[in-house]
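A.B. asks: Okay, here's the prediction I keep looking at, along with the sequence it came from:
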Number of protein chains: 2
Amino acid sequence: MTTIHEVAQYAQVSIATVSRYLNDTAGVRPETGRRVREAIAALDFQPNQIGRSLKTASTRALGIVIPSLENPVFAQAVSGFDAAARRRGYSVMMTTSEYDQHREIEAVETLLRYQVDGLALTATRSDAPVVRERLAANRAPYTLIYNEPTPDERAVVTVDNAAAAAVAAEHLVELGHRRLAMITGRLAESDRASRRRDGFVGAIARLGLPAPQVREVDFSARDVRPVLEQLLGTPATRPTALFCSNDRLAIAVIGAANRMGLRVPRDISVVGFDGIDLAREFVPSLTTVVQPSYDIGYAAAKAMLDRRAGQDPTMPVILPFSLRIGESTAPLGQDGPTTPRPVCPPQSNEAML
Amino acid sequence: MTTIHEVAQYAQVSIATVSRYLNDTAGVRPETGRRVREAIAALDFQPNQIGRSLKTASTRALGIVIPSLENPVFAQAVSGFDAAARRRGYSVMMTTSEYDQHREIEAVETLLRYQVDGLALTATRSDAPVVRERLAANRAPYTLIYNEPTPDERAVVTVDNAAAAAVAAEHLVELGHRRLAMITGRLAESDRASRRRDGFVGAIARLGLPAPQVREVDFSARDVRPVLEQLLGTPATRPTALFCSNDRLAIAVIGAANRMGLRVPRDISVVGFDGIDLAREFVPSLTTVVQPSYDIGYAAAKAMLDRRAGQDPTMPVILPFSLRIGESTAPLGQDGPTTPRPVCPPQSNEAML
DNA sequence: GTGAAAGCGCTAACAC
DNA sequence: GTGTTAGCGCTTTCAC
């Protein structure tokens, strides 16, 4: 590896001058600059960021810990995070926690050992104290993403999950549905899911309708069919519309319904949550609450970088969601759009709230 | 930040002893070890990886550059890469090139500046010399992932794209289709797509059938409808089956077909490439050539880490693909599985080749 | 078994 | 405008 020392030697200057040239601090005489430039080119020199980091106590790297990359929601968030970091000349270290609390702590500690200048994290539950202590004790700014803001927590970028779930409920009720139900991932493992449940149940109560049944399924459940059969088993209490705590679940539910001989939305309406891209292309296209995942990642990186620059005090950032109306919901007793479907792009259905 | 120095002071030992304790090199007397352990706990000390890296010339970090995280294929590869790295105590730095050659080079240079101990990259085209030079000039091992092996390139983890595309062609022909076509992303921007085209066209030629039409679409094409209309416009030459160079495209194509009033597979069969998870849940579920994306990422990290350990010389790693038969393909003139669909899990249709 | 000291590659005072 | 030098946090000889 070529070092700054060799460059200095080749260019017949001191290493300080090379450093000044590289960082554009203090004036380097044009002629000297040229010699340094030639030396760098000749030796194919790239400054060692490790040496630089040790001295400056800044790695110009940001860390991000998410539950999983297999969920497009988080992949998109990382995408936005990377874009925002890159824009300001930062790099990103990333790892996944696999929805495991131990792994989550371990991941945070690892990234902190690498001296990242900021750290974004989707905690299993934002009220779990362990991780937050680790984070708070550290010099680096951190931001919780997707997590529910807690009263004492000011560093968080998310959407209002309760309000968003309420909108899903209202949409279904407007379509005439009265018996609703929710299928959700494990509530204990996700404060987001809990809040969505609360918002959904609360909205239905406010509308004076009977409380919805809520069914938890394992997050990785490949087969939601048993849950669905149980839910739809009793004709008297059979729901006519389902709210799913995320899009993957909603898609799995529609698939299972199909295999059970049910048609969506004719026999049952389904609403998802997340707004993943592919859900648009589904048949039927999914009605879903869209959260701006790319923006969440982007805002998290931006917030931490701004904070470093000492701009303003930390505040929770609550990003807007929207309801994207697709073909998986229809008025009670109707079969939704007929085939062939409308030609208009589904985007135009998007309603900003 | 607490340093090793403070720990040493607190424990009344030298920093060398603390270092020995941390790295478990040389024997530290149990009693001394206890004091150090207490000091570490009391001060909440975490070793600074930057200092460590500078001294040892190893960051214990791996880098990965992929075109985009929005494509589940690459997200899964990163997931596997992260898992393999983590297993051996390595961390990962990640960034995306957004299918841009300049950005690709920049990304590689950035990660190299961070002194990553290995670098995985999906190059736009593996035969583009620029990046490979950069990589070859460096001390760190690298691996191309997804890219087509070139004669002189030994560090690559991928599948046999040509053979895989041929299997797609054979599947369609077996079903009785004779007029085939392919819709692909920009060939100039992806050596994978080029190879798949070659494999598809070649297989059809070998089978003695008329050459398929091949249409390129922009990678980000939200609307493939015009292409589809053009392709299906002439009844005499109208293909009865389509091969798409990736699953997202295939899904978009099925969506567009639906909106045009066509039914898949009744009116036209569609085969994808990639094997993304959600494609299973689609209605109709997608017939697709599955590449083991997680394994590709995993193998890439593992290969570089093994190589560091000086095990064996670099060899191209060609991972097996498989054809997953879904509901989007059917015998010519038939409407595929009837509704309701079979109850058996789609996994059981998977044929290992 | 433990300590003293050199030095990894770089930046930033401080001299001149 | 440029050189000299100290030192960031750590590991690793080399002594003892």
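C.D. replies: Yep, that arrived. Numbering: from 1, shown residues only, chains lettered A, B, ... in the order given.
A.B. asks: Quick one: the helices in chain A, in order.
C.D. replies: Here chain A has its helices, by DSSP state H, at A:4-11, A:15-23, A:30-43, A:49-56, A:72-87, A:101-113, A:129-137, A:161-174, A:191-206, A:225-232, A:247-259, A:293-308.
A.B. asks: could those be laid out in CSV, adding mean pLDDT, distance to residue B:153 and mean neighbour count?
C.D. replies: For glycine as for every other residue, the C-beta is placed from the backbone atoms N, C-alpha and C. Formatted as CSV, these follow (pLDDT from 0 to 100; distance: least, Cβ to Cβ, whole Å; neighbours: other Cβ atoms under 10 Å in any protein chain shown):
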stretch, mean pLDDT, distance to residue B:153, mean neighbour count
helix A:4-11, 94, 30, 18
helix A:15-23, 95, 33, 18
helix A:30-43, 94, 26, 15
helix A:49-56, 97, 27, 18
helix A:72-87, 98, 27, 24
helix A:101-113, 94, 32, 19
helix A:129-137, 74, 43, 15
helix A:161-174, 98, 48, 21
helix A:191-206, 97, 44, 21
helix A:225-232, 92, 47, 16
helix A:247-259, 91, 37, 24
helix A:293-308, 93, 34, 23
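A.B. asks: can you put these in a markdown table and add distance to DNA strand C?
C.D. replies: Compiled in a markdown table, the helices of chain A are given as follows (distance: least, Cβ to the nearest atom of the strand, whole Å):
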| stretch | distance to DNA strand C |
| --- | --- |
| helix A:4-11 | 3 |
| helix A:15-23 | 3 |
| helix A:30-43 | 10 |
| helix A:49-56 | 3 |
| helix A:72-87 | 19 |
| helix A:101-113 | 16 |
| helix A:129-137 | 25 |
| helix A:161-174 | 42 |
| helix A:191-206 | 40 |
| helix A:225-232 | 57 |
| helix A:247-259 | 45 |
| helix A:293-308 | 14 |
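A.B. asks: looking at those, which is closest to residue B:76?
C.D. replies: Of all the helices of chain A, helix A:72-87 sits nearest to residue B:76, with 9.2 Å by Cβ to Cβ.
A.B. asks: Specify the angle between that closest one and helix B:72-87 in degrees.
C.D. replies: 80 degrees (axes from the mean of the first three to the mean of the last three Cα atoms, to 10 degrees).
A.B. asks: Pull the residues that contact helix A:72-87.
C.D. replies: A:62, A:64, A:66-69, A:91-92, A:94, A:120, A:122, A:145-146, A:246-247, A:274, A:276-278, A:291, A:293-302, A:305, B:68-70, B:72, B:75, B:94-96 (Cβ atoms under 8 Å, 6 or more residues apart in numbering or on different chains).
A.B. asks: now do 6 Å
C.D. replies: A:62, A:64, A:66, A:69, A:92, A:274, A:276, A:293-294, A:296-298, A:301-302, B:69, B:75, B:95 (Cβ atoms under 6 Å, 6 or more residues apart in numbering or on different chains).
A.B. asks: how about the nearest residue to residue A:257, chain neighbours excluded?
C.D. replies: Once flanking residues are discounted, residue A:257 sits nearest to residue A:264: 5.6 Å by Cβ to Cβ, 6 or more residues apart in numbering or on different chains.
A.B. asks: can you pull the pLDDT of that neighbour?
C.D. replies: At residue A:264, the model reports a pLDDT of 92.
A.B. asks: For burial, what's the neighbour tally of it?
C.D. replies: 26 (other Cβ atoms under 10 Å in any protein chain shown).
A.B. asks: and it, what is it in contact with?
C.D. replies: A:254, A:257, A:270, A:284, A:328.
A.B. asks: ok, 10 Å please
C.D. replies: A:242, A:250, A:253-255, A:257-258, A:270, A:282-284, A:286, A:327-330, A:335-336, B:283 (Cβ atoms under 10 Å, 6 or more residues apart in numbering or on different chains).
A.B. asks: now swap in residue A:299 and tell me
C.D. replies: Neighbours of residue A:299 in contact, by Cβ under 10 Å, 6+ apart: A:77, A:80-81, A:84, A:120, A:143, A:145, A:157-158, A:292, A:317, A:319.
A.B. asks: And the furthest pair within the residues you listed?
C.D. replies: A:84 and A:158 (16.2 Å).
A.B. asks: Break chain A down into its domains, please.
C.D. replies: A:4-56, A:61-155+A:294-318, A:161-290+A:321-347 (automatic domain parsing).
A.B. asks: Which of those domains sits closest to DNA strand D?
C.D. replies: Nearest to DNA strand D among the domains of chain A is domain A:4-56 (3.2 Å), distances taken as Cβ to the nearest atom of the strand.
A.B. asks: Write out the residues of chain A neighbouring DNA strand D.
C.D. replies: Residues of chain A lying close to DNA strand D by Cβ under 7 Å from any atom of the strand are A:12-17, A:20, A:26-29, A:31-33, A:51, A:54-55, A:57.
A.B. asks: ok, which of the residues you listed also contact chain B?
C.D. replies: Filtering these for proximity to chain B by Cβ under 10 Å from any Cβ of the partner chain leaves A:51, A:54-55, A:57.
A.B. asks: just to revisit the earlier point, for the residue nearest to residue A:257, grab phi and psi.
C.D. replies: In this entry, residue A:264 is assigned phi and psi values of phi -110, psi 130 (degrees, to the nearest 10).
A.B. asks: Just the pLDDT for residue A:208.
C.D. replies: For residue A:208, pLDDT reads 96.
A.B. asks: Not counting residues beside it along the chain, what's closest to residue A:213?
C.D. replies: residue A:181 (4.4 Å).
A.B. asks: Could you give the number of residues near the one you found?
C.D. replies: Neighbours around residue A:181, by other Cβ under 10 Å: 21.
A.B. asks: I'd guessed it sits against residue A:245; true?
C.D. replies: No: applying Cβ atoms under 10 Å, one finds residue A:181 not in contact with residue A:245, separated by 11.9 Å.
A.B. asks: what residues do the two have in common as contacts?
C.D. replies: With Cβ under 10 Å, 6+ apart, residue A:181 and residue A:245 have common neighbours A:200, A:214.
A.B. asks: and residue A:153, what does it touch?
C.D. replies: So residue A:153 contacts A:126-127, A:132, A:136, A:144, A:147, A:314, A:316 (Cβ under 10 Å, 6+ apart).
A.B. asks: related to what we said a few turns ago, between the contacts of residue A:299, which is nearest residue A:237?
C.D. replies: residue A:158 (33.8 Å).
A.B. asks: okay, now the residue nearest to the closest one when sequence neighbours are not counted: neighbour count?
C.D. replies: Setting aside the residues directly before and after it, residue A:158 is nearest to residue A:146 in space (Cβ to Cβ, 6+ apart), at 5.4 Å. The burial count assigned to residue A:146 is 27, neighbours taken as other Cβ under 10 Å.
A.B. asks: quick one: pLDDT of residue A:146?
C.D. replies: 96.
A.B. asks: Next one: it from DNA strand C, what distance?
C.D. replies: 35 Å (Cβ to the nearest atom of the strand, to the nearest Å).
A.B. asks: quick one: contacts for that residue?
C.D. replies: Going by Cβ under 10 Å, 6+ apart, the list of residues near residue A:146 reads A:66-67, A:73-74, A:77, A:120-123, A:126, A:156-159, A:161, A:190-192, A:291, A:293, A:296-297, A:300.
A.B. asks: Ok, residue A:53 next?
C.D. replies: So residue A:53 contacts A:59-61, A:114-115, A:117, B:48-51, B:53-54, B:114 (Cβ under 10 Å, 6+ apart).
A.B. asks: Next: residue A:155.
C.D. replies: With Cβ under 10 Å, 6+ apart, residue A:155 has these contacts: A:118-121, A:132, A:135-136, A:141-145, A:147, A:149, A:300, A:303-304, A:307, A:314-317.
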